[in-house]
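**Student:** got a structure for you, letters missing:
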Ligand SMILES: [Mg+2]
């Protein structure tokens with residue numbers, strides 16, 4: 001019983017009790033799962049997992065369906081999805097990325113069968129529950145391991161993303177992505193790829209832009225407001241001062257943590273994760289600060305490409321990343337045109353310039 005003159009427990013005690021209750025819930029869920037005979041690995045606890053939330057339009061190609069929704073409304077859309085629930089959806093922009101995450105998981109489970117530190121993919125959709133059947137049929141058809149669905153019924157996903165301790169959120173809806181970024185969750189908007197590309201199915205490849213993606217936009221601001229010469233000068237002056245972190249730093253860190261698990265088992269040359277920095281900075285004038293910042297964080301990046309203002313598209317074609325993150329639509333469009341799956345991170349000063357053009 002609460003009340004009756006007794007004082008509320010102090011906030012730290014309340015948080016501890018809540019934590020204990022959550023632990024008990026997980027223990028009960030584990031006990032239940034341990035009694036079920038199944039070949040499938042048990043989904044990891046959010047605290048241990050690297051949780052990747054994807055929207056249905058990021059995972060599958062729902063361009064046609066979206067058009068039905070926009071032109072004819074929700075009822076017709078749901079009816080169409082129900083009538084076609086046995087028609088398997090085609091892969092969307094995040095599909096091959098998700099496949100690659102699952103390959104990494106399979107390799108991790110071989111090396112560390114009892115460890116929960118791996119990717120957990122959550123489907124975060126504002127779709128109507130009736131559409132869920134088609135999504136489940138498609139997920140099962142491709143053999144994807146996606147056990148957790150959040151059907152938010154049009155509500156903002158931010159609360160659920162936080163509850164799941166989401167490490168990365170990918171959606172086709174730029175407004176939801178902006179909301180998530182504002183809430184401090186690493187997020188990016190995905191666009192339907194306009195070319196079919198063959199991706200590595202044995203190695204997850206992730207390419208990151210530097211400024212306003214892994215790093216903050218502090219130097220980008222100098223470049224945009226005071227020009228290139230002042231930017232070079234500033235970066236050389238501050239070479240030994242690490243840059244502040246940007247929205248995707250945590251995800252690079254997560255990838256690094258998993259890479260180390262492979263290195264620890266002597267699998268460095270056969271590591272199923274490879275990371276790339278693809279930046280418009282030039283090595284000589286502004287590259288050192290970037291490399292020193294990564295070093296100060298204890299993060300390794302497998303390949304660092306300093307393009308000195310050259311277009312990113314042609315280099316990305318060679319890398320063939322499953323996903324490439326950039327904060328500038330100009331680079332996203334350039335990458336996409338040549339067939340790279342690009343994801344826009346709506347963060348930093350470039351957004352102001354995106355809007356004005
Ligand atoms: Mg940038």
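**Tutor:** Perfect, thanks for sending it. Just so it is clear, the structure is predicted and the values come from calculations on it, not from any experiment. Numbering: from 1, shown residues only.
**Student:** Just to be sure, residue 206 is in a strand?
**Tutor:** Yes. Looking at residue 206 with DSSP: H, G, I helix; E, B strand; the rest coil, it is inside a strand.
**Student:** the helices in the stretch 251-357 of the chain, which residues?
**Tutor:** 288-297, 313-319, 329-337, 350-356 (DSSP state H, counting those that start in this stretch).
**Student:** er, the stretch 51-200 of the chain actually
**Tutor:** Taking DSSP H, counting those that start in this stretch as the test, the helices found in the stretch 51-200 of the chain are 56-59, 63-72, 74-83, 95-111, 132-141, 158-163, 174-182.
**Student:** Tell me what angle the fourth one forms with strand 204-208.
**Tutor:** On the basis of axes from the mean of the first three to the mean of the last three Cα atoms, to 10 degrees, helix 95-111 is oriented at 120 degrees to strand 204-208.
**Student:** Tell me the buried residues in helix 95-111?
**Tutor:** Within helix 95-111, the residues that count as buried by 16 or more other Cβ atoms under 10 Å are 95-105, 107-108. C-beta coordinates here come from the backbone N, C-alpha and C atoms, glycine included.
**Student:** still on that earlier bit, can you check which of the helices of the stretch 251-357 of the chain gets nearest to the ion?
**Tutor:** With respect to the ion, and counting by Cβ to the ion, the nearest of the helices of the stretch 251-357 of the chain is helix 350-356 at 6.4 Å.
**Student:** Residue 320: what's it in contact with?
**Tutor:** Shown in contact with residue 320 (Cβ atoms under 8 Å, 6 or more residues apart in numbering): 197-200, 205, 340.
**Student:** Show the backbone phi and psi for it.
**Tutor:** Residue 320 has phi and psi values of phi 50, psi 60 when expressed as degrees, to the nearest 10.
**Student:** Give the burial count for the closest residue to residue 263 other than its chain neighbours, as a bare number.
**Tutor:** Leaving aside its sequence neighbours, residue 263 sits nearest to residue 271 (Cβ to Cβ, 6 or more residues apart in numbering; 7.1 Å). For residue 271, the neighbour count with other Cβ atoms under 10 Å is 18.
**Student:** Confirm for me that residue 271 is in contact with residue 256.
**Tutor:** No. Between residue 271 and residue 256 there is no contact under Cβ atoms under 8 Å: 11.0 Å.
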